[in-house]
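> no FASTA, just this:
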């Protein structure tokens, strides 16, 4: 269908001023770009809640001296090879490693896998960052 649709939004001046300050700091050139990103973010959260297919990364820091931890993490990824797309492994220092696991699947599947990875003994910190596959967004 193409083209943009214009619409008006009413809000308190103080709220608009705060919004303008934030979008300026983030480098937006106009309000429309910022509002489009906010709407897309909301729609992506809806996809998550509806159990749609999502993609994301599980980022974790762990102590590679913990016995069998690397093997356990690798085994988990192999067990879920239908959801694991790729893994990036970085040696941070003598003891610590950073691992980024790219994942894809329903939001529930991805969350359960992330919880298992992050909850593994020896993982110091982990976080799932999920987003859309883009199929449902324009």
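All right, it came through fine. Here the structure is a predicted model, which means the values were calculated and not measured. Numbers count the residues shown, from 1 in each chain.
> Residues contacting the longest helix that the chain contains, please?
Ranked by residue count under DSSP state H, the longest helix found in the chain is helix 31-49. Applying Cβ atoms under 8 Å, 6 or more residues apart in numbering, the contact partners of helix 31-49 are 9, 19-20, 23, 26, 28, 54, 107, 130-132, 136-137. Using the backbone N, CA and C atoms, a C-beta is placed for each residue, glycine as well.
> hmm, try it at 7 Å
Here helix 31-49 makes contact (Cβ atoms under 7 Å, 6 or more residues apart in numbering) with 23, 28, 54, 107, 130, 131, 132, 136, 137.
> Now rank those residues by neighbours and give me the top one.
When those are compared by neighbour count (other Cβ atoms under 10 Å), residue 54 ends up highest, at 22 neighbours.
> Would you confirm that it contacts residue 107?
Yes. Checked against Cβ atoms under 7 Å, the pair residue 54 and residue 107 is within contact range at 5.2 Å.
> intersection of neighbour lists for those two?
Common neighbours of residue 54 and residue 107, using Cβ under 7 Å, 6+ apart, are 48, 130.
> Identify the nearest residue to residue 28 in space, disregarding sequence-adjacent positions?
Once flanking residues are discounted, residue 28 sits nearest to residue 34: 4.5 Å by Cβ to Cβ, 6 or more residues apart in numbering.
> Can you give me the neighbour number for that neighbour?
By the other Cβ under 10 Å criterion, the neighbourhood of residue 34 contains 18 residues.
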